[in-house]
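1. this is a predicted model, with the sequence first.
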Amino acid sequence: MLFDHFEYKGVRLAQKVYSEESIGYVENELKVLDDDIFNVSYPKSGTNWMAEILTLIKHNGDATICQSIPIFERAPWQELVGFQEKEKKLTQPRIISSHLPQHLFAKSFFKSKAKIIYTMRNPKDIIVSLFHFTKIVKIFKECENFQQLIEDFVKGNALYGSWFDHVKGWMQVKDDSRFFFITYEELLKDPRGSVVKLSKFLGKQLDDGQIDSVLKHSSFNNMKENKMSNWTQMKSDLFDHTKGSFIRKGVSGDWKNHFTVAQSEYFDKIYQEKMKDLNMSFFWEQF
Ligand code: A3P
């Protein structure tokens, strides 16, 4: 995966959109508030979907904010250059997105009562999603060789470094009561049950009508059409919207349309090796 990058404490990040200062601010200076809600994931795991769900839960199903403020302003990524300006405009409880690995996360989080929702996804579908993402985001040199992308991904030569390290790092704190762990596949399979659990975790009592509204406005089709959620408001110097959609396909198992049998076996072997110490099974492994 090719992009102009720098390394920060072992993690690969893109130049210009991140800087040592922007990451250092999160790590050391960000003042986490006790009611902050962090939306954390490795890229392409369903971060925007979760941001939309959290925003709708916060507003009891009312979609006004989702339809009037771009997603990257109302649930901004804390590690991006420019976050501090966005931070000033957030209302409490703040919804803050992040792809940072655990070891780079805001130190003040660990002393606060703030909460983290960590969304994970089948890494093979992440690779497919990334493949298409490199076409539309201008920081990447378009990836034409899918095999190369798989190899880069397993070596951690990707934006935010190794997926395996990301997951393993966050799993170290998974038993903490401020931490909610969910997969993209569970969200797809049982959106209502997932929203009910999330609301409970956030201390919100939503009635059936409000939950219906959360589900309606966070659905794939609604988000794809909503120009405040589909990233078409993002400046064209960063995104080329003629090359594809950010809200692309929204399914699980699209890897089967992209991986050859050999590529799938190669990936599975590395996955087994790298994940074996975790002694955990993940929802997507059932399919
Ligand atoms: P695909 O490229 O497989 O379609 P992130 O937000 O972390 O960048 O993840 C992007 C992925 O989430 C994309 O996957 C995108 O289509 C999918 N996605 C976004 N909104 C969704 C929704 N409401 N329902 C299902 N998938 C969604």
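-> Received, thanks.
2. burial of the closest residue to S108 other than its chain neighbours, as a residue count?
-> Nearest non-adjacent residue to S108, counting by Cβ to Cβ, 6 or more residues apart in numbering: V32, 4.4 Å away. For the C-beta atoms, the positions are set from N, CA and C on the backbone; glycine is no exception. V32 is flanked by 21 other residues according to other Cβ atoms under 10 Å.
3. next, the contact list for V32, please.
-> A106, S108, F109, K111, S112, A114 (Cβ atoms under 8 Å, 6 or more residues apart in numbering).
4. quick one, phi/psi of it?
-> Torsion angles at V32 (phi, psi; degrees, to the nearest 10) stand at phi -70, psi 130.
5. swap in the one 4 residues further on?
-> Backbone dihedrals for D36, given as degrees, to the nearest 10, come out at phi -60, psi 150.
6. from the ligand, how far off is it?
-> Using Cβ to the nearest ligand atom, to the nearest Å, we find D36 at a distance of 20 Å from the ligand.
7. do the same with S97
-> From S97 to the ligand the distance is 9 Å (Cβ to the nearest ligand atom).
8. which residue sits closest to that residue, ignoring its sequence neighbours?
-> Counting by Cβ to Cβ, 6+ apart, S97 lies nearest to N39, which is 4.4 Å off, once chain neighbours are set aside.
9. how many residues are close by the one you found?
-> The number of residues packed near N39 is 27, by other Cβ under 10 Å.
10. what residues does the stretch 101-250 of the chain put near the ligand?
-> For the stretch 101-250 of the chain, the residues found near the ligand under the criterion Cβ under 6 Å from any ligand atom are D125, S129, H132, S218, S219, F220, M223, I247, R248, K249, G250.
11. and the helices in the stretch 151-287 of the chain?
-> Assigned helices in the stretch 151-287 of the chain, in chain order: 163-171, 184-189, 191-201, 208-217, 220-225, 261-275 (criterion: DSSP state H, counting those that start in this stretch).
12. run the chain-centre distance for the last one.
-> Chain-centre distance of helix 261-275: 23 Å, with Cα atoms, centre = their mean, to the nearest Å.
13. for the first one, same thing?
-> Distance of helix 163-171 from the chain centroid (Cα atoms, centre = their mean) equals 13 Å.
14. what's it in contact with?
-> 40, 42, 101-103, 118, 120, 123, 126, 153-154, 156, 160, 274-275, 277-278, 280.
15. okay, the angle between it and helix 261-275?
-> 30 degrees (axes from the mean of the first three to the mean of the last three Cα atoms, to 10 degrees).
16. and the contacts of stretch 140-149?
-> By Cβ under 8 Å, 6+ apart, stretch 140-149 touches M1, L2, F3, I127, L130, F131, F133, T134, K135, H258, Q263.
17. endpoint to endpoint, it covers what distance?
-> Terminal residues of stretch 140-149 lie 12 Å apart, using Cα to Cα, to the nearest Å.
18. repeat that for stretch 246-264.
-> Taking Cα to Cα, stretch 246-264 runs 25 Å from one end to the other.
19. so where does the residue in the stretch 51-200 of the chain that the ligand sits nearest to fall, helix or strand?
-> Ranked by Cβ to the nearest ligand atom, the top residue of the stretch 51-200 of the chain for proximity to the ligand is S129, at 3.3 Å. Take DSSP states H and E as the rule and S129 turns out to sit in helix 123-136.
20. any stretches of this structure with poor pLDDT?
-> 287 (pLDDT under 70).
21. leaving out chain neighbours, which residue sits closest to the most centrally placed residue in it?
-> Of all residues in the chain, the one closest to the mean position by Cα atoms, centre = their mean is T47, 2.9 Å from it. Nearest residue to T47, sequence neighbours excluded (Cβ to Cβ, 6+ apart): S41, at 4.6 Å.
22. give me the neighbour count for D34.
-> For D34, the number of neighbouring residues by other Cβ under 10 Å comes to 10.
23. heads up, I number from 34, so please use that
-> Yes, from this point I'll number from 34; that puts the last item at D67.
24. that one - nearest residue in space that isn't next to it in sequence?
-> Nearest residue to D67, sequence neighbours excluded (Cβ to Cβ, 6+ apart): K146, at 4.1 Å.
25. tell me where the stretch 84-233 of the chain has strands.
-> Taking DSSP state E, counting those that start in this stretch to define them, one finds strands in the stretch 84-233 of the chain at 128-131, 148-153, 212-216.
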